[in-house]
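> Return atomic coordinates for the entry below.
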Amino acid sequence: MTAVELSAPARAKINVFLRVLAVEKNGYHGIETLFQRISLADELRVTRSDQPGQVSLSVDGPDLGPPEENLAVRAARVVLDATGRRFGVALALTKRIPVAAGLGGGSADAAAALELTNQLAGSPIPRAELLHLASRLGADVPFLLTGASRALGWAHGDRLFALPPLPPLPLLLLVPPVGVRTAEAYGWVDQARATATPRGALLLDQTALASWSDVARMAGNDFESAVFAREPRIRECFEALARTGPMLCRMSGSGSTLVAGYRTSRERDDAQMMLGKKHGRTIAAETA
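I've put the predicted structure just below:
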């Protein structure tokens, strides 16, 4: 019997390291990154409707703007178009991942919408084709669709090499009271590089990423210096988070969320109490 309603968590991601490469002819930047899925998640419920090709959206959480611009809506519509628009879907989204914060919340919702809408259709779209559709929606969507715990990503995030999972790492997310638009962040990086010394090579392999201590040594984010220079408040938040004694501390994606990893949950919880609400919203999580 064909399902009429399905639901699933849409888990956020962090970028443990992120290198921004040169601008390509199409105007987009290439990237090299280590994606890591985390426990923080939205919840998406997809219900089949008798209105062919139609997609509706209800949101429990912050205003996400016009539904037609929502990535989950676009993802569901892509699947309906690819499967002949035989039915419609109603999306009900419970939003817990901070919006426009470098955690891939919209991309996570899109990945869940692709997967669930395809299942409601009887899974006619094979995995390889579903990943191709994901790559057209955003740089983080293919990784979040794979279900992998972590993966090396390059090109536009659509070239992926899944890595074995590591033991869960306690995380503290600090969301500053200042947002960063991704397009602006890329522009700031380009401007800063006009006078910067080119970087050296970086070797990425499984042996260099086999433990959390190895990962901590490799961690870095090309957006940080450019964003910190333009938004001193985010730099102050980063410095406050770094003073709590984490084994790694980075900004995720183009920001503005800052992520710290700790050896134990108690160290993480102590850090959360130490920070309080002075520097923004804190969220306790762990790698998934």
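
> residues of stretch 264-272 that come out buried?
By 16 or more other C-beta atoms under 10 Å, the buried positions in stretch 264-272 come out as 267, 268, 271, 272. Backbone N, C-alpha and C define where each C-beta goes, glycine included.

> What average pLDDT does that stretch get?
Model confidence over stretch 264-272, given as mean pLDDT, is 98.

> Convert the C-alpha atoms of that stretch to CSV, please.
Extracted C-alpha coordinates of stretch 264-272, given in CSV (Å, rounded to 0.1, in the frame of the first residue of the first chain):
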residue,chain,number,x,y,z
THR,A,264,33.4,15.5,27.4
SER,A,265,29.8,16.5,27.7
ARG,A,266,30.6,18.0,31.1
GLU,A,267,33.2,20.3,29.6
ARG,A,268,30.7,21.3,27.0
ASP,A,269,28.0,22.0,29.6
ASP,A,270,30.4,24.0,31.7
ALA,A,271,31.3,26.1,28.7
GLN,A,272,27.6,26.8,28.0
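
> which ones are touching residue 192?
Contact analysis of residue 192 by C-beta atoms under 8 Å, 6 or more residues apart in numbering lists 225, 226, 229.

> 10 Å instead, please
Residues near residue 192 by C-beta atoms under 10 Å, 6 or more residues apart in numbering: 222, 223, 225, 226, 227, 229, 230.

> With residue 250 instead?
Counting by C-beta under 10 Å, 6+ apart, residue 250 touches 14-18, 216, 219-221, 223-224, 238, 241-242, 257-261.

> Are any of those residues buried, and if so which?
When these are checked for burial by 16+ other C-beta under 10 Å, the buried set is 14-18, 216, 219-221, 223-224, 238, 241, 257-261.

> So in this protein, which helix runs the longest?
In the chain, taking DSSP state H as the definition, the longest helix is helix 105-120.

> In terms of secondary structure, what does the very next helix or strand once past that one contact?
Remark: after helix 105-120, the chain's next helix or strand is helix 127-135, criterion DSSP states H and E. If you count contacts as 3 or more C-beta pairs under 10 Å, 6 or more residues apart in numbering; DSSP states H and E, helix 127-135 packs onto helix 71-82, helix 105-120, helix 141-146, strand 159-163.

> now do 7 Å
helix 105-120, helix 141-146 (3 or more C-beta pairs under 7 Å, 6 or more residues apart in numbering; DSSP states H and E).

> So for residue 30, which of those sits nearest?
Closest approach to residue 30 among the helices and strands packed on helix 127-135 is made by helix 141-146 (14.6 Å; C-beta to C-beta).

> got the contact list for the closest one?
Residues outside helix 141-146 that contact it (C-beta atoms under 7 Å, 6 or more residues apart in numbering): 13, 35, 104, 107-108, 110-111, 114-115, 130-131, 134-135, 151, 153, 157-158, 160, 162.

> Beyond that helix, next helix or strand please.
Sequence order places strand 150-155 as the next helix or strand after helix 141-146, per DSSP H and E.

> and that next one, how far out from the chain's middle?
12 Å (C-alpha atoms, centre = their mean, to the nearest Å).

> and that strand with strand 159-163, angle?
For strand 150-155 against strand 159-163, the angle by axes from the mean of the first three to the mean of the last three C-alpha atoms, to 10 degrees is 160 degrees.

> Tell me the buried residues in strand 150-155?
Those would be 150, 151, 152, 153, 154, for strand 150-155 by 16+ other C-beta under 10 Å.

> Which one of those is nearest to residue 166?
Top of the list for closeness to residue 166, among those and by C-beta to C-beta, is residue 150 at 7.3 Å.

> tell me the contacts of the closest one?
Applying C-beta under 7 Å, 6+ apart, we find residue 150 in contact with 34, 35, 36, 37, 163, 165.

> and the last one, that's in a helix?
No - counting by DSSP: H, G, I helix; E, B strand; the rest coil, residue 165 is not found in a helix; it is coil.

> that older thread, quickly name whichever of the contacts of residue 192 is closest to residue 47.
Of the contacts of residue 192, the one sitting nearest to residue 47 (C-beta to C-beta) turns out to be residue 223, at 37.9 Å.
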